[in-house]
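In: Fold the following.
(5 chains, ligands or ions: 4)
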Amino acid sequence: MSHAATQQQPATTTPPQRRSPVAAMLRRAGLRLVYLLGLPVALILVWWWASASSGLYYLPAPDVIATTFGEVWFSERFAQDALPSIGRLLAGFALAAVLGVGVGIALGLSRSLRALTEPVLEFLRAIPPPVLVPLLILLVGVTTSMKLLVIVSGCIWPILLNTVEGVRAVDPVLSDTCRCYGVRGPRRLVTLVLRSASPQIMAGLRQALSIAIILMVISEMFASSSGLGFTIVQFQRSFAIPEMWSGIVLLGLLGFTLSVLFQLVERRVLGWYLGLRAATKGE
Amino acid sequence: MLDVSAMQKIYQGEGRSVEAVRDLTFRLDEGELACLVGPSGCGKTTLLKCVAGLLQPTSGRVSLAGRPVTGPPPDMAVVFQEYGRSLFPWLTVQGNIELPLKQKKLPKQQRRELIDEALAAVSLSEFAKSYPWQLSGGMQQRVAIARAIAYQPRVLLMDEPFAAVDAQTRADLEDLIRSLWKRFQMTILFVTHDIDEAVYLGQRVLVLSSSPTVIQDDIPVDLPDERDQLTTRGAGRFTELRAKVYEEIQNAKRGPVSAQKL
Amino acid sequence: MLDVSAMQKIYQGEGRSVEAVRDLTFRLDEGELACLVGPSGCGKTTLLKCVAGLLQPTSGRVSLAGRPVTGPPPDMAVVFQEYGRSLFPWLTVQGNIELPLKQKKLPKQQRRELIDEALAAVSLSEFAKSYPWQLSGGMQQRVAIARAIAYQPRVLLMDEPFAAVDAQTRADLEDLIRSLWKRFQMTILFVTHDIDEAVYLGQRVLVLSSSPTVIQDDIPVDLPDERDQLTTRGAGRFTELRAKVYEEIQNAKRGPVSAQKL
Amino acid sequence: MTKSAATPAAPAAADRRKTSRRSAARPRRVATPTKLVNAVLGLIGIVLFLGLWEAVPRLGLVQARYLPPASEVLTELAARMATPTFWTALLDTLLGWGLGLGIAFLAAVILGFLIGSVPALRALTSSTVEFLRPIPSVALIPLAVLLWATDIRSTLLLVVYAAFWQIYIQVLYGVADIDPVAEQTARSFGMGKLARMRHITWPSALPYVLTGLRLGAAVALILAITSQLIIGTPGLGKEIAVAQASGAPAVVYALIIATGALGVIVNVGVRALERRVLHWHTSVRGEAAV
Amino acid sequence: GSSDSGDSGGDGQAEGELTEVTVGLIPIVDVAPVYLGQEQGYFEDHGLKLNIENASGGAAIVPGVVSGNFEFGFSNITSLLIGRQEDLPLKVVSNGVTSTGEQGADFGGIVVPEGSPVTDASGLAGKKVAVNTLQNIGDTTVRNSVRVAGGDPDEIKFVELPFPEMPAALENGQVDGAWLVEPFLSQSLNNGATEVASNFVDASPSLSVAQYFTSEQLANEDPELVESFRTAMHESMAYADANPEDVRRVLTNYTEIDQNLIEQIRLPHFPPEVNRESVQTIADLMVEDGLVDSQPDLEALYYE
Ligand SMILES: Nc1ncnc2c1ncn2[C@@H]1O[C@H](COP(=O)(O)OP(=O)(O)OP(=O)(O)O)[C@@H](O)[C@H]1O
Ligand SMILES: Nc1ncnc2c1ncn2[C@@H]1O[C@H](COP(=O)(O)OP(=O)(O)OP(=O)(O)O)[C@@H](O)[C@H]1O
Ligand SMILES: [Mg+2]
Ligand SMILES: [Mg+2]
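Out: Ligands and ions are numbered 1, 2, ... in the order given. Below is the predicted model of the structure:
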């Protein structure tokens, strides 16, 4: 039997209607740019109009914000306030990811463990950070680990919930296959449970990433004297409104950057999943 | 009715591309029943999906009733090779069959009748309220068949639809398909691995070569139109045709070189 | 070796329960190759899963090598009816075959050899690096078979493993299974719908009645041990056995009433 | 799927005979003992948690005047629950929460399905979405106060903004997670985009949507409380703010317990919903006794 | 709130035609006069019906007043000065609270935990000191106290911590000192902390710490309403200053402070008029500490 996985022969396979590859590439890049910037530009215009027509002190025009942004963040403040915050944010996120996935797998695999802990977890989940922070200060003190804990305490939930649901939904045929071939323990966790729950885990991680940013801000609203969140709150309290908005814009840009990075990771981790989906569409 | 000409399909994967089908050309007239056989992995499913408008051929043309196929044409039903995954787990057996009928906007009464009839035809009447995952493999496959026939399509594409059922059920279903075909004058393209089945069912047997795929042979089945599991399969002509198809498949498996002899 | 006695299995669903298997008793000696046939939905898969320790029978006993089966016993391989879903979509073909071997803690070199050998046996050597979803149905099924044989199990359970492959490949795979069986003295329980296949492959053919299921008949296959697609299938005794199995299945389908005559 | 051996004792042989295919179809809805077991386990979990809480201040790990033991807090809560103010505050909180969650859920589901199933729309919006998502609701407080002061709309703005993203992202991932074979089946039967969305995409995305609902419900509650806490719109959060400003930790924690309890109740509700609408899904049916 | 009509407000208005005004307050001891004035009917006498909204701080109150959602608000003087400096149209209409002027008996003070080596404010240099908000009245006056006591104010390490968390942080050694106000000051002292300075008193013998304010817009559009509020507020302040027991009593109505603690806490003074000299002092301190770039225009702040 011959199974020629024939390599593509350019002469026969390139559809004739396609234009030169450079032009196509340029067009694709242009399209991507439009996709990337189209809506933001439109929204900025709307904002402009709104701020101009309302004349509200709390809604400065985009150009004011942009100038302020340059003044405020293109300075040593970025290194002093923003970078340590981003560091804490990433550390907190990583910690939450490890904890969330770990605990999530345990809970997803064991029904009784889940029944045992679910009410307590749901209880904790419903507690707002502004009342949780005092408790953490009491228990942990005014330290960096307190801030990390605040971040973890908020962004662990989407990871945890999604992991639990992903693990519960493992295909029974695959699970049976593993059992038959004696695939157990860590190998089963890695090859079956984690992988098959990974689409849902990634959904959770993506949620958690932006929540981590939010909680970074919240963690610095209390017991702090520096940091990105602290700076924004400080601007807000001292009525430096364009500066406050510039901080919010920075948060947005941070979120956007992290999500682009996340997408790269996701494309690797979920390569099989995306491929599978594309394959059945015949691409 | 169905016109496939110079169809080629290349799967573009990450870094590698697979030419599943190289060059297929054939015609099916309205109301014809053709069987498609060929070695495993030769591109039968690919062809079927292109005909169904679910995949776009890389080059070449597929047209149905004179119109080029760009998306699934109306009044077509497909029984997928992955029968299990083509049933919706959130619907009962009955719900699965009913969904396309609802889509067709049939009144409730008529839907009910069609469902009952289809379920009876595949002997699953008692399982109308079960969920697909409560059924055995063969039963799931029969649900998929029931869904297709209840839809009363004008074009019916079936991808190894009897692979998971026992010999007796298979024979019954073969007769069912033939009787429906006659009753509704459907155009049927039927993929199978069973040579006997191909000869018994079809008016023509299309033999595909192994990959890169071309049409190896197109064998008309000149058996009488009234067929019967015992007499037809016992007939001498049946055995001859069977042997011929068998031989072509053997040739096909020897690969595209022999195919080029055509 | 394998001892199933008075096995009953009731599926408890939401609000309803289905008695899939009523009362099964049979023995398989070490190194035996038995084929299991029976109407669609009669409980073959259920029985196989109970033997594999994946399901707990509602009552009765299943024991393997003298020990009651409570979980999947070591050194057992299963080819599932849902072959497509039993392959890990995130592993390549090679990775799928390798996974159980890794679990067996085989050294890398040996794993590689086993994989190559198994892939060659199912003629998929060129697809080692492909993902299962890049393969056709029949190819996926062959990967599942390759995984089972590379594992070199002592007990091999196969649930309609050749349903999705063409006649020629099927014949090749049948011979492959028989040769492996002889080489490694495995105990094989083989579910099939193809009566010819059951007779050609097995030393015994177990016929199950339709649901609620009991053993309808247990037919020893007294064909010579050296079998060959042409001569064996041509032998008169083959045809007789074939007819006998066919008849029993017909009886089986007539339902449990006739089964109770046993 | 195969774990549980919770099948009832084998019925008597005579009964067994009757369990033919026909009688098998007879519905037999029983209050599964697993449900009871789960509830008991959950209670045990809560008791353990309260025990821990009781122990920490009693053992002097933290001073009881800052973290009062659970018993004291519960007593305080009981006392509060006898007052109408508590219930008005609770109702106010529930109103803000329910309305906000409802709006966020509807908007997220509709937009999520629309944008998730049109790749061009998704590409067009994704940069904006990723930009907006990490903006904390609390940063919007001045804006909310500016617009509506302590009106419930302030609360709603914050609640909707925060809960929307959580549900929206879940819906996007859910929409992407349809079985392609199911999708193709529907397409082959000539089902249009809308019909597919209703009959195929919606049920396949449901597990994600429900997780989104659970996430969103908690976040909505958190934001409802927080906005009351900071802006002073009426509700439990405002009561917490008063108690905090008065240095009365027992009251603060009593109100926190009330908040947490709301979270638990909401979860029980969503879980019940899940058992109804996802009974077909592997995650739920895998847990039914086999 | 609604205050559209120009004919509202003013003295001697007929009963039943009360104008509703919304006042944004913080649920702390300082605002007791408003509740007392309400009880005594001063606001009704001037045709006002108060609608009190409790926010947690200026972040929520100032935008409310600026946008006209609140007619009046309560804020400390530093925030008002900063806001004015940022061109927010704020107008002070009445004094809010004033320090007692007695060292060691003011309603706010700097405390150190039990057993701390720090004995006076100068010892705080190089220590970690908690204030509720940075760059506000807390840290400027604490710096001033340290400066006055001969320490180096730049060496203080300020930590931002909400008042309610401070007693615990002090006791657990997470901070070396804290600036506290009532009721947390008394609470902390009860738990063994020592008071090392009264920062408000150090800044001025009679420091106007917080004020009631409105927006310039309302002040221009409806001066009668503002005048009525101011008069009623003055009456309330005078009453509160004269009746400390009533102040303690009214605290049980709108706070959750423990009854025993209420008896102990040190009440602030409630003089109706702002001590402008003390405000100037605060403004100077703010300039010195860099909270504002230039000397704030005090005259613009007051409603005349
Ligand atoms: N998504 C895909 N990506 C890459 N290659 C694919 C994909 N789908 C199918 N192929 C390749 O295309 C060829 C034809 O596949 P197809 O499924 O059409 O075969 P088939 O004739 O239906 O086989 P079978 O009888 O085994 O079902 C195979 O070689 C397969 O490897
Ligand atoms: N999970 C389940 N819940 C309820 N009933 C089930 C379940 N699985 C199987 N059954 C029922 O058990 C019976 C036997 O199923 P089984 O899969 O064992 O049949 P089979 O012999 O393998 O059939 P086939 O040849 O069609 O694969 C069927 O009637 C089926 O409806
Ligand atoms: Mg196929
Ligand atoms: Mg089966």
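
In: Run through the chain and note the low-pLDDT ranges.
Out: Picked chain A for this. A:1-20, A:55-57, A:281-283 (pLDDT under 70).

In: Switch to chain E, please.
Out: The model of chain E has pLDDT under 70 over residues E:1-16, E:58-59.

In: Break chain A down into its structural domains.
Out: Domains of chain A are assigned by automatic domain parsing as A:22-59, A:61-282.

In: Contact partners for the residue nearest to E:Gln217 when sequence neighbours are not counted?
Out: Closest residue in space to E:Gln217, ignoring its immediate chain neighbours: E:Pro89 at 6.2 Å, by Cβ to Cβ, 6 or more residues apart in numbering or on different chains. C-betas here are computed from N, CA, C, even on glycine. Shown in contact with E:Pro89 (Cβ atoms under 8 Å, 6 or more residues apart in numbering or on different chains): E:66, E:215-217.

In: ok, which residues in the stretch 1-150 of chain A are in contact with chain D?
Out: A:32, A:35-40, A:43, A:56, A:58-59, A:111-112, A:115-120, A:122-131, A:134-135, A:138-139 (Cβ under 8 Å from any Cβ of the partner chain).

In: meant to ask about the stretch 51-200 of chain B, not that
Out: So the stretch 51-200 of chain B meets chain D at B:52-54, B:71-78, B:80, B:82, B:85-86, B:88-91, B:99-100, B:103-104, B:126, B:129, B:131, B:133, B:151, B:157 (Cβ under 8 Å from any Cβ).

In: could I get the domains of chain A as CSV with distance to C:Ala120 and mean neighbour count?
Out: Shown next, in CSV, are these (distance: least, Cβ to Cβ, whole Å; neighbours: other Cβ atoms under 10 Å in any protein chain shown):
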stretch, distance to C:Ala120, mean neighbour count
domain A:22-59, 41, 13
domain A:61-282, 21, 21
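
In: Give the next helix or strand downstream of whichever strand or helix holds B:Leu173.
Out: Using DSSP states H and E, B:Leu173 maps to helix B:167-184. Next along the chain after helix B:167-184, taking DSSP H and E as the criterion, comes strand B:187-191.

In: For chain B, which segments are assigned as helices?
Out: Listed in chain order, the helices of chain B (DSSP state H) span B:44-51, B:83-86, B:93-103, B:108-121, B:137-150, B:167-184, B:195-201, B:229-234, B:236-253, B:256-260.

In: was I right about A:Arg217 contacting A:Ile232?
Out: Check again: residue A:217 is Val, not Arg. Yes. A:Val217 is within contact range of A:Ile232, at 6.4 Å (criterion: Cβ atoms under 8 Å).

In: Need the overlap of contacts for these two.
Out: Joint contacts of A:Val217 and A:Ile232 (Cβ under 8 Å, 6+ apart) are A:251, D:139.

In: Report the mean confidence score over the helix or strand harbouring D:Phe113.
Out: Here D:Phe113, judged by DSSP H and E, is contained in helix D:84-117. Averaging pLDDT along helix D:84-117 gives 91.

In: so who does A:Val193 touch?
Out: Contacts of A:Val193 (Cβ under 8 Å, 6+ apart): A:105, A:108-109, A:167, A:170.

In: thinking A:Ala212 is in contact with A:Ala97, fair?
Out: No. If you go by Cβ under 8 Å, A:Ala212 and A:Ala97 don't touch, sitting 9.6 Å apart.

In: coming back round to it: can I get the domains of chain A in JSON lines with distance to D:Leu156?
Out: Output for those, formatted as JSON lines (distance: least, Cβ to Cβ, whole Å):
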{"stretch": "domain A:22-59", "distance to D:Leu156": "19"}
{"stretch": "domain A:61-282", "distance to D:Leu156": "16"}
